[in-house]
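Student: Curious how this folds, go ahead:
(chains A, B, C and D)
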Number of protein chains: 2
Amino acid sequence: MKTDLKYILKNHNLRITDCRLNVIQFFLDEKNALSQGDLENKFKQYDRVTLYRTLNSFLDSGILHKIPSENGASTYGLCHNTCTPEHHVHDHIHFKCNNCGQIECLDNWAVPNVSVPSGYLIEGVNLIVDGICADCN
Amino acid sequence: MKTDLKYILKNHNLRITDCRLNVIQFFLDEKNALSQGDLENKFKQYDRVTLYRTLNSFLDSGILHKIPSENGASTYGLCHNTCTPEHHVHDHIHFKCNNCGQIECLDNWAVPNVSVPSGYLIEGVNLIVDGICADCN
DNA sequence: GAACACATGCAATTGAGTTGCATTATCTAT
DNA sequence: ATAGATAATGCAACTCAATTGCATGTGTTC
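Tutor: Prediction:
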């Protein structure tokens, strides 16, 4: 189990530390997107700066992606295997439940084709749907 | 000119003040979405808190809508006439330029149909496209 | 014009995000 | 297995946006 996590870190040229292993495991266990605050609540033993840098290193190496939100609180979701530090592919919908507040990555659920007026060049698409999630419905 | 602005405020049950008139005018003049910081730079004569509360009152009354972003900086865009405090309809794309950083509401450019897995209920859709805008292209 | 309700400005607080630096842990090459 | 190089961690401190309370000023209604 832990071995798999270590390979994830190794493959992304990150050193294997307790904090990183625990954080990745937490993301794997939770199906929802997590915020820095969620990590701070879960892991009292680590400094919030450490958690902050852990999130950043995961962002940089393509393990996590950042999910846009209307309030300031950034949330993070696990990337598909297709993500690299150079190129992130997130062809899935982010679903925010208006009841429980959780943000979920609807993996394997394609984003529809998007077109923009001529003159515009699309580099990335972020689709955030809000409503009632399957658990609250 | 100013008369139109006053009607906007009146229709949303907001008192007519210099600050609100100026802020709405600013949004009408700029085609791009604006942040609290943009307002602070433009209107040195008003307190930060006043601008903050002005934005909030516009949000509550459906004059503006908040645009999700990956960094903390919230940006705001003018709502279509269809928006009310109870129900916001934003069937347009938010385009963020990776060159100039501006966020633009592509009004009159429909968001494609979005489907979600069964069990989920859609209440709103937010589509943020990033790339190169028409001005920078 | 008077009374009320609301908007504004100021002071102050919170919390996320961020950086520098000393210490500690991991990794690599012997 | 070990030593040296390199990166991660914890702590202190700082910035900035977001937020609240309260006293004062202004808009609105009759």
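Student: quick one: the residue lying closest to residue A:37 once chain neighbours are set aside and residue A:29, what's the gap?
Tutor: Once flanking residues are discounted, residue A:37 sits nearest to residue A:73: 6.8 Å by CB to CB, 6 or more residues apart in numbering or on different chains. Quick note: C-beta positions are derived from backbone N, CA and C, even for glycine. Counting by CB to CB, to the nearest Å, the separation of residue A:73 from residue A:29 is 21 Å.
Student: So which of those two has more stuff around it?
Tutor: Shown here are residue A:73 and residue A:29; by other CB atoms under 10 Å in any protein chain shown, residue A:73 has more neighbours (12 against 7).
Student: In the sheet, which strands lie alongside the lengthiest strand in chain A, parallel or antiparallel?
Tutor: Using DSSP state E to define each element, chain A has its longest strand at strand A:121-132. Using DSSP bridges, strand A:121-132 pairs in its sheet with strand A:93-97 (parallel), strand B:121-132 (antiparallel).
Student: Need the contact partners of the last one.
Tutor: Translated: strand B:121-132. Among residues not part of strand B:121-132, those counted as contacts by CB atoms under 8 Å, 6 or more residues apart in numbering or on different chains are A:68, A:98, A:114, A:116, A:120-132, A:137, B:67-69, B:88, B:90-91, B:93-99, B:111, B:114, B:116.
Student: ok, residue A:98 - contacts?
Tutor: So residue A:98 contacts A:130, A:131, A:132, B:123 (CB under 8 Å, 6+ apart).
Student: residues from chain A in reach of chain B?
Tutor: With CB under 8 Å from any CB of the partner chain as the criterion, chain A meets chain B at residues A:66-72, A:74, A:93, A:95, A:98, A:106, A:109, A:112-117, A:119-134, A:137.
Student: Provide a ChimeraX selection command restricted to the buried entries of the residues you listed.
Tutor: Applying 16 or more other CB atoms under 10 Å in any protein chain shown to the residues of chain A next to chain B, the buried members can be selected in ChimeraX as follows:
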select /A:66,67,68,69,70,74,93,95,106,109,116,120,121,125,126,127,128,129,130,131,132,133
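Student: Shouldn't residue A:110 be within a helix?
Tutor: No - counting by DSSP: H, G, I helix; E, B strand; the rest coil, residue A:110 falls outside a helix, being coil.
Student: Tell me which stretches of chain A form strands.
Tutor: Listed in chain order, the strands of chain A (DSSP E) span A:34-35, A:64-67, A:75-78, A:93-97, A:103-106, A:121-132.
Student: Including mean pLDDT, could the ones you listed go into JSON lines?
Tutor: Shown next, in JSON lines, are these (pLDDT from 0 to 100):
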{"stretch": "strand A:34-35", "mean pLDDT": "92"}
{"stretch": "strand A:64-67", "mean pLDDT": "90"}
{"stretch": "strand A:75-78", "mean pLDDT": "90"}
{"stretch": "strand A:93-97", "mean pLDDT": "90"}
{"stretch": "strand A:103-106", "mean pLDDT": "89"}
{"stretch": "strand A:121-132", "mean pLDDT": "90"}
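Student: wait, which of the ones you listed is closest to DNA strand C?
Tutor: Taking CB to the nearest atom of the strand, strand A:34-35 is the member of those nearest to DNA strand C, at 7.0 Å.
Student: anything in that closest one near DNA strand D?
Tutor: No - for a cut-off given as CB under 7 Å from any atom of the strand, strand A:34-35 has no contacts with DNA strand D; the smallest distance is 14.7 Å.
Student: Quick one: check stretch A:103-120 for contact with DNA strand C.
Tutor: No - Stretch A:103-120 is not in contact with DNA strand C by CB under 7 Å from any atom of the strand; minimum separation 13.5 Å.
Student: hmm, who's touching that stretch?
Tutor: A:31-33, A:67, A:69, A:75, A:77-78, A:80, A:91-97, A:122, A:125, A:127, A:133, B:93, B:95, B:106, B:109, B:111-117, B:120, B:127, B:129, B:131-134, B:137.
Student: can you give me how far it is from the chain middle?
Tutor: Distance of stretch A:103-120 from the chain centroid (CA atoms, centre = their mean, to the nearest Å) equals 17 Å.
Student: For it, list the C-alpha coordinates in PDB.
Tutor: The C-alpha coordinates for stretch A:103-120 follow below in PDB (Å, rounded to 0.1, in the frame of the first residue of the first chain):
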ATOM      1  CA  ILE A 103     -16.300  19.700  -4.000                       C
ATOM      2  CA  GLU A 104     -15.900  16.600  -6.000                       C
ATOM      3  CA  CYS A 105     -14.000  15.700  -9.100                       C
ATOM      4  CA  LEU A 106     -16.400  13.800 -11.500                       C
ATOM      5  CA  ASP A 107     -13.700  11.700 -13.100                       C
ATOM      6  CA  ASN A 108     -14.600   9.800 -16.200                       C
ATOM      7  CA  TRP A 109     -17.200  12.300 -16.900                       C
ATOM      8  CA  ALA A 110     -16.200  14.300 -20.000                       C
ATOM      9  CA  VAL A 111     -16.500  18.100 -20.300                       C
ATOM     10  CA  PRO A 112     -18.500  19.000 -23.400                       C
ATOM     11  CA  ASN A 113     -16.800  20.700 -26.300                       C
ATOM     12  CA  VAL A 114     -16.400  24.400 -25.800                       C
ATOM     13  CA  SER A 115     -16.100  27.000 -28.500                       C
ATOM     14  CA  VAL A 116     -15.100  30.600 -28.200                       C
ATOM     15  CA  PRO A 117     -15.400  33.600 -30.600                       C
ATOM     16  CA  SER A 118     -12.800  33.800 -33.300                       C
ATOM     17  CA  GLY A 119      -9.700  35.500 -32.200                       C
ATOM     18  CA  TYR A 120      -9.600  33.600 -28.900                       C
END
